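Novice: sharing a sequence plus its predicted fold:
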Amino acid sequence: MQNKLFYNFLFLLLLKHRIKHISIFIISTLIVFILSSVILLSNALQEEINTTLDSQADFVVQKMRAGKSVNTPVSWSDEFREIEGISQAQPRVYGQYFFEPNAEHFTIVGIDFFDEQKSKNLQKLITNLDMKKFLEKPNMLIGHGVKALLDKYYFFDYYVFKTPHQEKRKVNIYQTFPKESSLLSNDMIIMDIDLAREILGISEERSTDIALYSPNELEAGNIYVKLVLKHADIRVIQKSDIAKAYKHLFNYKGGLFLILYMIVLLTFMMILYQRYSMVQSSDKKEIGILRALGWSIKDVIILKVTESFMVAFGAFLLGFILAFFFVFVLDAPLLSNIFYGYANLPMDISLHRSIDFSLVSLLFLFYILPFMTAVLIPSWKASVIDPLEAMR
Amino acid sequence: MIQLENINKIYNESRPNSFQALKDISLHVSKGELLILKGVSGSGKSTLLSIMGSLIKPSSGSVIVDGESIAKLPDLHASNFRAQKLGFIFQSFNLFEALSVADNVAIPLTNQSLTLEALHVSVGDAMEIAHISHKKDTEVRLLSGGEKQRCAIARALVNSPKVILCDEPTANLDSINSQKFIATIKELNALGKTIVIATHDPIFETLDARVVNIENGSLLKR
């Protein structure tokens, strides 16, 4: 353990060598900032997706025709309710609506507001809704992305939809969902199920698909088989399939970033090695002076490593704080576009703050180890040579 | 105080470019003695001084300083030995240019177990003896050559060493500052310090000191 005088001297050196350390500090901060931003963003998104998946139906059933999903008969839901292990079968009405002025798509979701909403996400979105007032007139709840687009075309209070029969249907904007829910609701329009049927051209006997809920996960395999055997033209999507699809999407992006991490880390190590391996003559001289004045090799290495650790740790801390601010306060502009992707409208999301400390620790380890190695080796090399030679 | 017996030093031993810098040197320096090691550049005087200061190890022979055999000391012990018993004054001062005089003088004590107060006292005393107290907060890079030398002297004194080793101490000084340095050396010698100066500067001939000539790595007998 070094004493107070040692640390006084260390801080003095750090202060005096600030010009020497500044380039490494800036590069390190930038690298940590980028890597931390990616980690924080992907982690927050993963959390969002997990939450979304939690509220998904256990099975989604669609009718197929020529390999394409078509509207599903509502009567199927009664058949499915008969299957042991299924607690609820809910025909769902939703579909894409083409917004001509901007050539974009919205997702219209029709809800029977008098039914119990099994989807936790939908429950969350319609909490605190004054149902009576909402259903008095043709009203809709819209996502943040939809609102931005409608505002752009001066539809501040309503929008006039066109039904498949070319009839016009004016629907008032009742409320916009909070930005925090944008991952789920960005391109979404929620309205009464009958109104949605009218706009999407889905008859009362049909639904887009049927959501099935099963309280017992262990029964999933059996239920799947029973469902598939019910109809020849049926497609059954399990919750695990949806999870897999999300995972594949993120694994591919994660893999892409893993390669980037490695390239960045390699470059970083090369810069560090170049920076510190060519211990400048002034550094070498300093080490020689210290050795001549009674500092042991161990003392010198502790000094140099601690000095660099302070720089590295400072850069890590600053980089991480900046990344936190960038992701959770500024909503990760630019970077978010790479990660989110979108089917209909561009995403504009406020992420929930969540940090995976094990990932941050791993990043710290992978960052600090090459840093320390790049300092330790040249400092040791300079320490073991004859102090007089080092001072020359 | 210093006893060298049959010292040989070969650089790059067992290599084609090996070079014998010191040849069978035996030398005794008494406690409180002032010794001038005189010789031209490359004669081996700095190597001999480095061996006395345990900065390098001899290829063969024994070195005893203040009763301690230092020829084969491992690094940690050699460092402790230098920190406690030796003060160095180098040709080009070898100061930390960006640090103040007081910070430079304090360096030999910073890895010692001292309180901050004790350090301040030692640094203050050393600067007083070296007549550089008035510049204690000035960065070294802003000092004149003579002032830098005084700072180097203060640094050599801060650990109250028994032996002070000087390597070409006046090489970067003008004649006035060289004279001042000699005056300081006399004062230190009067305080009972054992001083060895490696130099080829004739100015030291004015000192009342034993002069040992060294040539091609061997001592010349007068």
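Specialist: All right, it came through fine. Residues are numbered from 1 along each chain as shown, chains lettered A, B, ... in the order given.

Novice: what about residue A:260, how many neighbours?
Specialist: Neighbourhood size, residue A:260 [other CB atoms under 10 Å in any protein chain shown]: 13. In short, each C-beta sits where N, CA and C put it, glycine included.

Novice: show me the strands in chain B, by range?
Specialist: Along chain B, counting by DSSP state E, strands occupy B:2-11, B:19-29, B:34-38, B:60-65, B:68-69, B:86-89, B:163-167, B:194-199, B:210-215, B:218-220.

Novice: most neighbours per residue, which of those?
Specialist: strand B:86-89 (a mean of 26; mean count of other CB atoms under 10 Å in any protein chain shown).

Novice: remind me what that one packs against, helices and strands.
Specialist: helix B:145-157, strand B:163-167 (3 or more CB pairs under 8 Å, 6 or more residues apart in numbering or on different chains; DSSP states H and E).

Novice: can you put the ones you listed in a markdown table and add mean pLDDT?
Specialist: What follows is the helices and strands packed on strand B:86-89, written out as a markdown table (pLDDT from 0 to 100):
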| stretch | mean pLDDT |
| --- | --- |
| helix B:145-157 | 89 |
| strand B:163-167 | 90 |
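
Novice: can you put the ones you listed in TSV and add distance to chain A?
Specialist: Converted to TSV, these look like this (distance: least, CB to the nearest CB, whole Å):
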stretch	distance to chain A
helix B:145-157	7
strand B:163-167	8
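
Novice: among those, which comes closest to residue B:217?
Specialist: strand B:163-167 (16.4 Å; CB to CB).

Novice: tell me how far the closest one lies from the chain's centre.
Specialist: Here strand B:163-167 is found 2 Å from its chain centre; the criterion is CA atoms, centre = their mean, to the nearest Å.

Novice: likewise stretch A:368-381?
Specialist: 35 Å.

Novice: just the closest residue of the stretch 251-392 of chain A to chain B, please.
Specialist: Using CB to the nearest CB, the closest approach of the stretch 251-392 of chain A to chain B is made by residue A:294 at 2.7 Å.

Novice: quick check: the closest residue to that residue other than its chain neighbours vs residue B:21, distance?
Specialist: Distances taken as CB to CB, 6 or more residues apart in numbering or on different chains place residue B:83 nearest to residue A:294, at 2.7 Å, with adjacent residues excluded. Distance, residue B:83 to residue B:21, by CB to CB, to the nearest Å: 26 Å.

Novice: around chain A, which positions in chain B sit nearby?
Specialist: Contact residues (CB under 8 Å from any CB of the partner chain) of chain B with chain A: B:46, B:50, B:53, B:55-56, B:75-76, B:79-84, B:86, B:88, B:90, B:92, B:94-96, B:98-99, B:103, B:106-114, B:116, B:119, B:155, B:159.

Novice: closest point of chain B to chain A, which residue?
Specialist: residue B:83 (2.7 Å).

Novice: quick one: contacts for the closest residue to residue B:63 other than its chain neighbours?
Specialist: Among residues not flanking residue B:63 along the chain, residue B:71 sits closest, at 4.5 Å (CB to CB, 6+ apart). For residue B:71, the contacting residues are B:51, B:57-58, B:61-63, by CB atoms under 8 Å, 6 or more residues apart in numbering or on different chains.

Novice: show me which residues of chain A are close to chain B?
Specialist: So chain A meets chain B at A:2-6, A:8-9, A:12, A:16-17, A:285-286, A:288-299, A:386-388, A:391 (CB under 8 Å from any CB).

Novice: restricted to helices, list the residues you listed.
Specialist: Counting by DSSP state H, these place A:4-6, A:8-9, A:12, A:16, A:285-286, A:288-292, A:297-299, A:387-388, A:391 in helices.

Novice: how deep is residue A:164 tucked in, by neighbour count?
Specialist: Count around residue A:164 with other CB under 10 Å applied: 10.

Novice: mind putting the strands of chain B into a markdown table with distance to residue A:97?
Specialist: Converted to a markdown table, the strands of chain B look like this (distance: least, CB to CB, whole Å):
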| stretch | distance to residue A:97 |
| --- | --- |
| strand B:2-11 | 87 |
| strand B:19-29 | 90 |
| strand B:34-38 | 97 |
| strand B:60-65 | 94 |
| strand B:68-69 | 93 |
| strand B:86-89 | 85 |
| strand B:163-167 | 88 |
| strand B:194-199 | 93 |
| strand B:210-215 | 99 |
| strand B:218-220 | 102 |
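
Novice: circling back to that earlier point, wait, which of the contacts of residue B:71 is closest to residue A:154?
Specialist: Lowest distance from residue A:154 to the contacts of residue B:71 (CB to CB) belongs to residue B:57, with 88.2 Å.

Novice: just the buried residues from the ones in helices among the residues of chain A next to chain B, in PyMOL please.
Specialist: In PyMOL syntax, the buried subset of these is picked out as below (16 or more other CB atoms under 10 Å in any protein chain shown):
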select buried, chain A and resi 5+6+9+12+16+285+286+288+289+290+291+292+297+299+387+388+391
